[in-house]
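1. Sharing a model that was predicted from the sequence below.
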Amino acid sequence: MKTLGRTKIAELLKSATGATVTVKGWVRSKRGNKQIAFIALNDGSTIHNIQVVVDLAKISEEELKQVTTGACLRVTGQLVASQGSGQPVEIQADEIEIYGVADTESYPLQKKGHTLEFLREIAHLRPRTNTFGAVLRIRHAMAFAIHKYFNDKGFFYIHTPIITASDAEGAGAMFQVSTLDMNNPPKDEKGAIDYSKDFFGKQASLTVSGQLEGELCAMALGEIYTFGPTFRAENSNTPRHLAEFWMIEPEMAFYDITDNMDLAEDFIKYLVRYALEHCMDDLKFLNEMYDKELIERLQGVCNTEFVRLDYTEGIDILLKSGRKFEFPVAWGVDLQSEHERYLVEQHFKKPVILTNYPKAIKAFYMKQNEDGKTVRAMDVLFPKIGEIIGGSQREENFEKLMARIKEDNMDMTTLWWYLDTRRFGSAEHSGFGLGFERLLLFVTGMSNIRDVVPFPRTPKNVEF
């Protein structure tokens, strides 16, 4: 597509030769001799560079000295068939304009391999690498595919609040939002911080989930989804945890647990299929550089029926496996990643949807089964990741929900509006949450969640 007097490299690489073209981008490398120079230019539109061939009779050596790795250029010239292998076309430069130089001594992305750990320290520049260009293009494609999937199914996109007074998960690990003077906050007669003097008149936090508000809208619009940032103030320094991440949370009126599982399986297969159809160049690069089984694993997910397994049955399989797990297995424990991955990668060798978890280890809003011990929860477990989706049929019965809130010693004064949906026209309904970055770990084959988000937020790290 021609924009602002330039053609993007992604389009140039598919164009017919013979035309005069203008391209703008950043230098990845330069090599050559006294007669000719070869510049690899990239503009972010594709993993591939375009080769610019410079005849030193046309462009002065002095000017060419400023063309170093990292410099930003405009190049105008003839698009011709490439003489070398590796690219179908190249540009014979007639004119080069240098928009921005890059000092060779201090530019950290010279033409050599860099560790992912090092690149996290220069997150402001890592989008210029092949790896992060690929990851960020795939991230965009997946975000677009999420909206397309739900829009095409007639769901409505709801913007749920980022600042909230309720803790949807009952987890308690929330970031506080306040305008009070941290050095001298107002106190009540008991010596506690007086939040009535705060901006919102009560204690407020960054949201851990848009689910509860999503349920309210589903009980009016039928089928909705949220897709936005969520926050957990957990001191978890693992390759799977972020303090700020994005969640996709559909909520559907008149869906039972089976409808919920059907939607979750169809949704995730759609996303993986979309990546395979629209991001293959980037996937091939990641497959080659990071995970030789990536594309095969993605294709495998699209072509297999997920196993649906009762939690109790899953525990039996783990107990009979003969495996010594780091975390002991027993009925009533929440499964760890090692347990989930054993079921998916070793036992079934395909994705698993685990259902009917013990009530005691699941959130208050999940529908209770008749046995009084379990709830209609469902977790979708994936190879290499473990849990990628968590959801449930929601408890629509007012009395049962009230009893559960009391059991968990929750403050129902902050949930009066949520309880009202069970008092006024309640109905069977379900929903789930998909962690966007967990999805991206699976689709890209990256092993650390810090490498699928542009600027990760983790304990002791709020740089950039």
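-> Here it is on my side, so go on.
2. show me where pLDDT drops low in this structure?
-> Low-confidence segments of the chain (pLDDT under 70): 1-4, 167-172.
3. Now do the helices for it: every range, in order, please.
-> Counting by DSSP state H, the chain has helices at residues 9-12, 61-65, 116-121, 130-152, 211-221, 257-278, 280-289, 294-302, 311-319, 337-341, 398-407, 416-423, 436-444.
4. Those helices: which one's closest to residue 455?
-> Counting by C-beta to C-beta, residue 455 lies closest to helix 116-121 out of these; the figure is 9.8 Å. Yep, even glycine has a C-beta here, placed from its N, CA and C like the rest.
5. Give me the distance from the closest one to the chain's centre.
-> Mean C-alpha position of helix 116-121 versus that of the full chain (C-alpha atoms, centre = their mean, to the nearest Å) differs by 19 Å.
6. ok, now stretch 251-261?
-> Stretch 251-261 sits 24 Å away from the centroid of its parent chain (C-alpha atoms, centre = their mean).
7. what's the answer for stretch 230-247, then?
-> On C-alpha atoms, centre = their mean, the centre of stretch 230-247 falls 12 Å from that of its chain.
8. Which positions within it qualify as buried?
-> Neighbour-count burial for stretch 230-247 flags 230-234, 240-247 (criterion: 16 or more other C-beta atoms under 10 Å).
9. again with stretch 92-111
-> By neighbour count on 16+ other C-beta under 10 Å, the buried set for stretch 92-111 is 93, 96, 98, 102, 109.
10. The first one contacts residue 79, correct?
-> No - in this structure, residue 93 is not within contact of residue 79 by C-beta atoms under 8 Å, at 11.1 Å.
11. which residues of the stretch 101-250 of the chain fall in strands?
-> Using DSSP state E, counting those that start in this stretch, the strands of the stretch 101-250 of the chain run over residues 156-157, 163-164, 176-177, 204-206, 223-231, 244-253.
12. Pull up the gap between residue 359 and residue 249, please.
-> The gap separating residue 359 from residue 249 is 22 Å, by C-beta to C-beta, to the nearest Å.
13. And these two? Which one has more around it.
-> For residue 359 versus residue 249, neighbours defined as other C-beta atoms under 10 Å are more numerous around residue 249 (25 against 20).
14. The more buried one against residue 215, yeah?
-> No - taking C-beta under 8 Å as the definition, residue 249 is not a contact partner of residue 215, at 9.6 Å.
15. Now the common contact residues for the two.
-> Residues touching both residue 249 and residue 215 (C-beta atoms under 8 Å, 6 or more residues apart in numbering) are residue 431.
16. Please identify the deepest-packed of the strands of the stretch 101-250 of the chain.
-> Highest mean neighbour count of the strands of the stretch 101-250 of the chain: strand 244-253, a mean of 23 (counted as mean count of other C-beta atoms under 10 Å).
17. my read: residue 259 touches residue 265, true?
-> No - taking contacts as C-beta under 8 Å, residue 259 lies outside contact range of residue 265: 11.1 Å.
18. With neighbour numbers in mind, choose between the two.
-> residue 265 (18 against 15).
19. right, and that one touches residue 380 too?
-> Yes - shown here, residue 265 and residue 380 form a contact pair, counting by C-beta under 8 Å, at 7.4 Å.
20. hey, what's in contact with both of the two?
-> Joint contacts of residue 265 and residue 380 (C-beta under 8 Å, 6+ apart) are 306, 351, 353.
21. tell me, how many neighbours does the second one end up with?
-> Same thing as residue 351. Neighbourhood size, residue 351 [other C-beta under 10 Å]: 23.
22. Kindly list the main-chain dihedrals of it?
-> Reported as degrees, to the nearest 10, the phi and psi values for residue 351 are phi -60, psi 150.
23. Just give the nearest non-adjacent residue to it, would you?
-> Spatial nearest neighbour of residue 351, excluding adjacent residues (C-beta to C-beta, 6 or more residues apart in numbering): residue 306 at 4.5 Å.
24. Let me know whether the one you found touches residue 380 as I believe.
-> Yes - the criterion here is C-beta under 8 Å, and residue 306 meets it with residue 380 at 7.1 Å.
25. Need the nearest residue in space to residue 114, chain neighbours excluded.
-> The shortest distance from residue 114 to any non-neighbouring residue, by C-beta to C-beta, 6+ apart, is to residue 129 (7.1 Å).
26. meant to ask about residue 81, not that
-> Using C-beta to C-beta, 6+ apart, the nearest residue to residue 81 is residue 17, at 5.3 Å.
27. Count the residues that sit near the one you found.
-> When neighbours are defined as other C-beta under 10 Å, residue 17 has 13 of them.
28. That's all I had, so thanks and see you.
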